[in-house]
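**Q** this one's structure only:
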């Protein structure tokens with residue numbers, strides 16, 4: 001009977017199953033940052049997800065959602081690039097610090113942070129805020145990183161100098177220093193509790209950085225192809241949850257195949273399907289240990305009728321407990 005119930009969970013347009021008595025207090029915040037990428041447009045991602053009904057659709061599940069507005073981000077045209085090895089690093093670090101403070105404040109006040117991006121460099125801030133909150137209680141967190149890319153470059157290894165390829169390196173203490181040292185401690189997540197899921201485009205130097213950081217849990221798309229999403233997710237959740245108070249979920253929409261998510265910052269063919277993505281989020285919801293959530297790299301400029309933002313909202317609903325039955 002249990003297997004049958006799990007098999008039919010999903011995203012059909014049915015009445016939400018969650019009750020208002022068991023809803024979360026969710027604090028939604030946008031981070032319209034696109035300094036970390038070469039292609040412009042992901043700064044409009046938070047607005048696109050709001051237009052797609054993020055707040056209303058989560059409230060229909062029984063959650064109480066407060067939209068805290070956007071974190072302040074500098075206008076890129078008014079700033080200088082800085083080092084070509086880490087473009088706009090100073091400005092990105094400032095935005096990440098503000099993001100960390102807002103996320104930590106939400107958790108301190110008993111709310112679940114929901115961060116809407118923006119490029120993935122913002123995760124250096126959001127995860128820092130989560131880690132700082134739990135560190136004050138003598139606890140640590142896990143991290144589930146859904147992405148086509150490993151985002152573990154440093155300024156010394158990055159071929160582009162784009163900081164959205166560096167946030168996981170920063171969270172694991174590899175650099176750059178301006179992002180590593182938010183709240184003055186590193187790493188923010190222990191390597192044995194940080195899990196990469198669905199990667200399929202990794203630079204050669206990043207492979208060495210993965211080994212140097214000590215990451216043991218890296219699941220490529222081949223792992224998902226061969227072993228199935230459920231097996232991968234169960235192992236990933238065990239790793240992220242081992243000895244932690246819960247885990248942050250960082251979902252880059254380029255993790256999903258461009259056939260289903262065309263409007264992303266850096267599309268890569270061969271990603272998770274629509275149903276695989278929902279299954280992963282549903283399993284996260286089933287486990288019930290998610291402490292914060294973010295969706296990044298939605299680019300309305302190259303999207304088709306806001307399809308990608310709409311899918312992002314659907315996936316957030318699955319992660320926050322939407323079921324068919």
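**A** Done, it's in. This structure is a prediction, so every number in the text was calculated from the model and none was measured.

**Q** okay, the closest residue to residue 139 other than its chain neighbours: pLDDT?
**A** Using CB to CB, 6 or more residues apart in numbering and skipping residues adjacent in sequence, the residue nearest residue 139 is residue 245, 4.3 Å away. (C-beta placed from N, C-alpha, C; glycine too.) Looking at residue 245, its pLDDT reads 98.

**Q** Residue 219 is in contact with residue 239, isn't it?
**A** No - assessed by CB atoms under 8 Å, residue 219 is found out of contact with residue 239, at 9.9 Å.

**Q** Can you classify the nearest residue in space to residue 274 that is not next to it in sequence as helix, strand or coil?
**A** Nearest residue to residue 274 in three dimensions, chain neighbours excluded: residue 260, at 4.6 Å (CB to CB, 6+ apart). With DSSP: H, G, I helix; E, B strand; the rest coil as the basis, residue 260 sits in coil.

**Q** which residues touch residue 260?
**A** Contacts for residue 260 (CB atoms under 8 Å, 6 or more residues apart in numbering) come out as 273-274, 277, 307, 311.

**Q** Inside helices: which ones of those?
**A** Judged by DSSP state H, the contacts of residue 260 include 274, 277, 307, 311 as members of helices.

**Q** What is the neighbour count of the third one?
**A** Looking back up the chat, that one is residue 307. For residue 307, the count of nearby residues is 15 (other CB atoms under 10 Å).

**Q** Equivalent analysis for the first one, please.
**A** Applying other CB under 10 Å, we find 17 residues neighbouring residue 274.

**Q** where are the low-confidence patches of the stretch 51-200 of the chain?
**A** Applying pLDDT under 70 to the stretch 51-200 of the chain flags no residue at all.

**Q** Strands of that one, residue ranges please.
**A** All strands of the stretch 51-200 of the chain, identified by DSSP state E, counting those that start in this stretch, fall at 64-70, 112-117, 142-146, 194-199.

**Q** Check the stretch 201-325 of the chain too.
**A** Taking DSSP E, counting those that start in this stretch as the criterion, the stretch 201-325 of the chain carries its strands at 217-220, 247-252, 290-296.

**Q** what packs against the first one?
**A** It stands for strand 217-220. Secondary-structure packing of strand 217-220 (3 or more CB pairs under 8 Å, 6 or more residues apart in numbering; DSSP states H and E): strand 194-199, helix 229-241.

**Q** just checking, residue 194 touches residue 143?
**A** Yes - with contacts counted by CB under 8 Å, residue 194 reaches residue 143, the gap being 4.5 Å.

**Q** Overlap of the contact sets of those two?
**A** 171, 240.

**Q** who's more crowded, the two?
**A** residue 194 (29 against 26).

**Q** list the contacts for the more buried one?
**A** 142-143, 145, 168, 171-172, 213, 215, 217, 240.

**Q** Buried subset of the residues you listed, written for ChimeraX?
**A** Those of the contacts of residue 194 that count as buried under 16 or more other CB atoms under 10 Å are selected in ChimeraX with:
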select :142,143,145,168,171,172,213,215,217,240
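
**Q** Distance to residue 31 for the contacts of residue 194 - can I get that in CSV?
**A** Shown next, in CSV, are the contacts of residue 194 (distance: CB to CB, whole Å):
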residue, distance to residue 31
142, 22
143, 17
145, 17
168, 17
171, 16
172, 21
213, 24
215, 25
217, 26
240, 23
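
**Q** Return the angle between stretch directions for the longest helix seen in the chain and strand 247-252.
**A** Secondary structure of the chain per DSSP H: the longest helix is helix 89-108. Orientation check (axes from the mean of the first three to the mean of the last three CA atoms, to 10 degrees): helix 89-108 against strand 247-252 gives 140 degrees.
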